[in-house]
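Asks: sequence first, predicted model second:
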Amino acid sequence: MLERFRTFWEGVWTPAANALLRRGVSPNLITVIGTLGVCVGALVFFPQGLLWQGVLVVTAFVFSDMIDGQMARLSGHPSAFGAFLDSTLDRFGDAAIFGGLVLYFAGPGDSKLYLTLSLVNLVMGSLTSYARARAEAAGFNAKGGIAERADRLLAILVATFAADLLGQPIVLGAMLWLLALATTATVIHRMRLVYRQALERG
């Protein structure tokens with residue numbers, strides 16, 4: 001869903017991307033800084049119960065994921081390593097967000113159920129990306145499903161922020177249930193896609 005707005009955001013971040021390039025900043029450096037910021041926001045703030053504060057920090061650094069890609073395109077020299085680094089560090093950031101929620105529910109959130117759901121989302125979120133990457137490496141197409149990364153990220157951050165401000169953890173719990181089901185369905189969908197393509201290939 002959020003991919004539809006990529007062109008809009010590319011336009012928004014173009015001035016910042018050009019300014020960074022003029023100062024000799026590399027897209028890879030922005031990728032690393034962004035990932036570190038997301039990890040700090042999630043793994044430092046969430047376990048202390050500072051959910052909405054952590055979401056603000058994470059969100060600020062999530063935008064670097066848009067800036068580094070735009071920098072690479074504007075430079076005219078996008079690199080294979082840069083794309084690999086970006087994709088790999090995205091997994092770190094995603095894991096940190098749900099890992100931070102695991103620590104929160106193991107501590108001040110005090111819920112074994114939501115802790116378990118956070119773990120399910122951490123694992124299944126990684127599997128959705130792995131399934132696609134592994135399929136493409138084998139020459140198949142496994143794109144699609146109802147839980148793309150950008151949508152999952154937006155959903156969990158909005159729910160976490162709202163739940164903390166409203167004092168209603170059920171909001172976050174409901175989103176964890178929804179995402180757990182959606183990511184599981186996405187993994188199954190991608191497995192079925194590859195299975196059908198493998199049958200056609202013979």
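Replies: All right, it came through fine. Residues are numbered from 1 along each chain as shown.

Asks: hey, let's count contacts and neighbours off CA atoms from now on
Replies: Noted.

Asks: what about residue 146, neighbour count?
Replies: 17 (other C-alpha atoms under 10 Å).

Asks: repeat for residue 139
Replies: By other C-alpha under 10 Å, the residues close to residue 139 number 12.

Asks: pLDDT score assigned to it?
Replies: On pLDDT, residue 139 comes in at 93.

Asks: what of residue 7?
Replies: 60.

Asks: immediately after the strand or helix carrying residue 98, which helix or strand?
Replies: Using DSSP states H and E, residue 98 sits within helix 80-106. Once the chain leaves helix 80-106, the next helix or strand it forms, by DSSP H and E, is helix 112-137.

Asks: now the closest residue in space to residue 152 that isn't next to it in sequence: how far from residue 125?
Replies: In space, and not counting its chain neighbours, residue 152 is closest to residue 179: 7.0 Å by C-alpha to C-alpha, 6 or more residues apart in numbering. Note on residue 179: its distance to residue 125, by C-alpha to C-alpha, to the nearest Å, is 9 Å.

Asks: tell me the contacts of residue 153?
Replies: residue 94 (C-alpha atoms under 8 Å, 6 or more residues apart in numbering).

Asks: now residue 141, what are its backbone angles?
Replies: Backbone torsions of residue 141, given as degrees, to the nearest 10, read phi -110, psi 120.

Asks: what's the burial count for it?
Replies: Counted with other C-alpha under 10 Å, residues neighbouring residue 141 total 17.

Asks: that one touches residue 195, doesn't it?
Replies: No. Counting by C-alpha atoms under 8 Å, residue 141 does not reach residue 195; the two are 10.5 Å apart.

Asks: ok, back up a step: the helix holding residue 98 to helix 112-137, inter-axis angle?
Replies: Angle between the axes of helix 80-106 and helix 112-137 is 170 degrees (criterion: axes from the mean of the first three to the mean of the last three C-alpha atoms, to 10 degrees).

Asks: what packs against helix 80-106?
Replies: With contacts taken as 3 or more C-alpha pairs under 8 Å, 6 or more residues apart in numbering; DSSP states H and E, helix 80-106 sits against helix 27-40, helix 112-137.

Asks: adding distance to residue 93, write these out as JSON lines.
Replies: Listed next are the helices and strands packed on helix 80-106 as JSON lines, based on distance: least, C-alpha to C-alpha, whole Å:
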{"stretch": "helix 27-40", "distance to residue 93": "6"}
{"stretch": "helix 112-137", "distance to residue 93": "11"}
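
Asks: okay, these in TSV with mean neighbour count and distance to residue 58 next?
Replies: Listed next are those as TSV, based on neighbours: other C-alpha atoms under 10 Å; distance: least, C-alpha to C-alpha, whole Å:
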stretch	mean neighbour count	distance to residue 58
helix 27-40	21	5
helix 112-137	19	16
